[in-house]
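K.L.:
just coords:
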């Protein structure tokens, strides 16, 4: 009777605990969702994720795989053992668990955390640092001995129980269980990394698993606090996005956001603003929320047909080939003519020119397309770039005279004068015009302006809200750094300040928050653009006239005085204008 009452009491506690600490539903028990698992939420202990350094003693299960990697660098085996530098990543799986009629049942899906249980984790969000390579796959760490050694489960009354106090066999009062998963990584040389990338034709998933998408660590490196917070962000936002996607169609279906605007689309925008988007999910989220995925589904096979029609003789291909060498030259995916990303980038840019002849190729395209290729496959990158050029930005944004860009720069000046009047007055007083370098920011979509983490954070918002995010980011950074900009007395000082600050701003949440403090909606943006478009088009027409005049044969001398806006005098004379016959 005592055992039965104890078991019944334990089962009741299970259901009470479930109500107090709900766990997310998952289709698979291993890798997808992390939920909050600590019952002591007030304990704000957030240590860094622990890693175990395995020395030359050969404790690693897949030591032969490490040797094989080292042999590709043509290193002798004796050196392999002595110089082996391997790190084991560790993630703990957690389950609510109960015993019903002496049969163990897992009553909830798994969640994952660090060993202490205070920090949520997702296995897919464990990213590789620069020049590191995975040696094996995730595997369960078995018990040292016992009948259930292979499953690796430890049993306890709650998740706050220390591992040393857990049991290998379930007790009557045990309602949770935990086990450890490990995966090993080893350091490789830059030459071997490039060799492996070229030989394996590595795709975007390879780079989404890496810190900073495989770019070199910056100099100076980011603060340790940022590295830790970015690591935590990857895990926490991956957990939130997994739950969101699974509750709205799952990974195999597109997110249904074409319906009522206040419904799922509003929640999607809130998710992006609050949680960012993890690197591994950007392909799906960007395609679905921008409409590029729908374009692709409606035009199946289109990209393959266009690729088949391309050749290197098309207009603009000479400039394109020059820009390919300048596109991320330090990244293994693009750093040589044989790099797998180089051929994909060339095909995308040629197909864009074929699809829309009115779009003038410019240097921004190579950086935009290359950044897309680090996040998704070739065809997906093509359709997302098509959506950028045809729907998100005005159709004259990248034409021959960059009309759309010029209009937006004047709109930006209006917004600065309205929202940041003190800063605008200071700029006017000291003759500081920031439009020359902000034009590059807007055209490159901030690629190369902020570190790659910040640029992709802006792109998350770009595909969700449209091109007005460019105004928010620029206004936000001017507001955040306004006090320092007011000390600048020349354009050179302002440019130096903004260049240094943006280059070392890894966490742009403060800038984004400041940008959203300004009221910028589509209607107001359309009115401002319309008010400047006529003037810009007139100036473009005037430049065309000037170009035509300059192309007149040299036998005729043209003297002209053209004002900024139509209007002044035109005088043409022949080479014999001074002769009496010509005057008469």
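P.N.:
Now that the structure is in, tell me what you want to look at. For clarity, every value in this text was computed on a predicted model and none was experimentally measured.

K.L.:
for stretch 388-403, give me every contacting residue.
P.N.:
Contacting residues not belonging to stretch 388-403 are listed as 290-291, 352, 356, 358-360, 362, 364-365, 368, 404-405, 407-408, 443, 462-463, 466-467, 529, 533, 536-537, 540, 543 [Cβ atoms under 8 Å, 6 or more residues apart in numbering]. Glycine gets a C-beta too; all of them are placed from N, C-alpha and C.

K.L.:
buried among those? Need that as a selection in PyMOL.
P.N.:
Here is the PyMOL command that selects the buried residues among the contacts of stretch 388-403 (16 or more other Cβ atoms under 10 Å):
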select buried, resi 290+291+352+359+360+362+364+365+368+404+405+407+408+443+462+463+467+529+533+536+540
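
K.L.:
which of the contacts of stretch 388-403 fall in strands?
P.N.:
Among the contacts of stretch 388-403, the subset assigned to strands under DSSP state E is empty.

K.L.:
keep only those of the contacts of stretch 388-403 that are in helices.
P.N.:
The members of those that map onto helices under DSSP state H are 290, 352, 364-365, 368, 404-405, 407-408, 443, 462-463, 529, 533, 536-537, 540, 543.

K.L.:
so what pLDDT did residue 321 get?
P.N.:
At residue 321, the model reports a pLDDT of 83.

K.L.:
which secondary structure elements does whichever helix or strand it is part of sit against?
P.N.:
Using DSSP states H and E, residue 321 falls within helix 317-326. Identification of packing neighbours for helix 317-326 by 3 or more Cβ pairs under 8 Å, 6 or more residues apart in numbering; DSSP states H and E yields helix 340-355, helix 364-373.

K.L.:
just give me how far the first one sits from the chain centre.
P.N.:
Here helix 340-355 is found 21 Å from its chain centre; the criterion is Cα atoms, centre = their mean, to the nearest Å.

K.L.:
same check on the last one?
P.N.:
Taking the mean C-alpha point of helix 364-373 and that of its whole chain, the gap between them comes to 12 Å (Cα atoms, centre = their mean).

K.L.:
where in the stretch 51-200 of the chain is pLDDT low?
P.N.:
Within the stretch 51-200 of the chain, the segments meeting pLDDT under 70 span 51-67, 69-84, 98-108, 146-148.

K.L.:
ok, which stretches of it are helices?
P.N.:
63-72, 77-83, 190-200 (DSSP state H, counting those that start in this stretch).

K.L.:
show me what the last one is packed against.
P.N.:
With contacts taken as 3+ Cβ pairs under 8 Å, 6+ apart, helix 190-200 sits against helix 63-72.

K.L.:
quick one: the strands in the protein?
P.N.:
With strands called from DSSP E, the chain shows them at 51-54, 86-100, 103-106, 111-113, 132-134, 139-140, 154-156, 176-187, 557-560, 570-573.

K.L.:
now do the last one, average pLDDT.
P.N.:
Model confidence over strand 570-573 averages 37 on the pLDDT scale.

K.L.:
returning to what we had before: most tightly surrounded among the helices and strands packed on helix 317-326?
P.N.:
helix 364-373 (a mean of 24; mean count of other Cβ atoms under 10 Å).

K.L.:
residues in contact with that helix?
P.N.:
Applying Cβ under 8 Å, 6+ apart, the external contacts of helix 364-373 come out as 204, 320, 323-324, 326-328, 333-334, 341, 344-345, 348-349, 352, 380-381, 384-385, 388, 398, 443-445, 447-448, 455-456, 459.

K.L.:
give me that answer again for 6 Å
P.N.:
The contact list for helix 364-373 (Cβ atoms under 6 Å, 6 or more residues apart in numbering) reads 323, 327-328, 334, 341, 344-345, 348-349, 381, 384-385, 443-445, 447.
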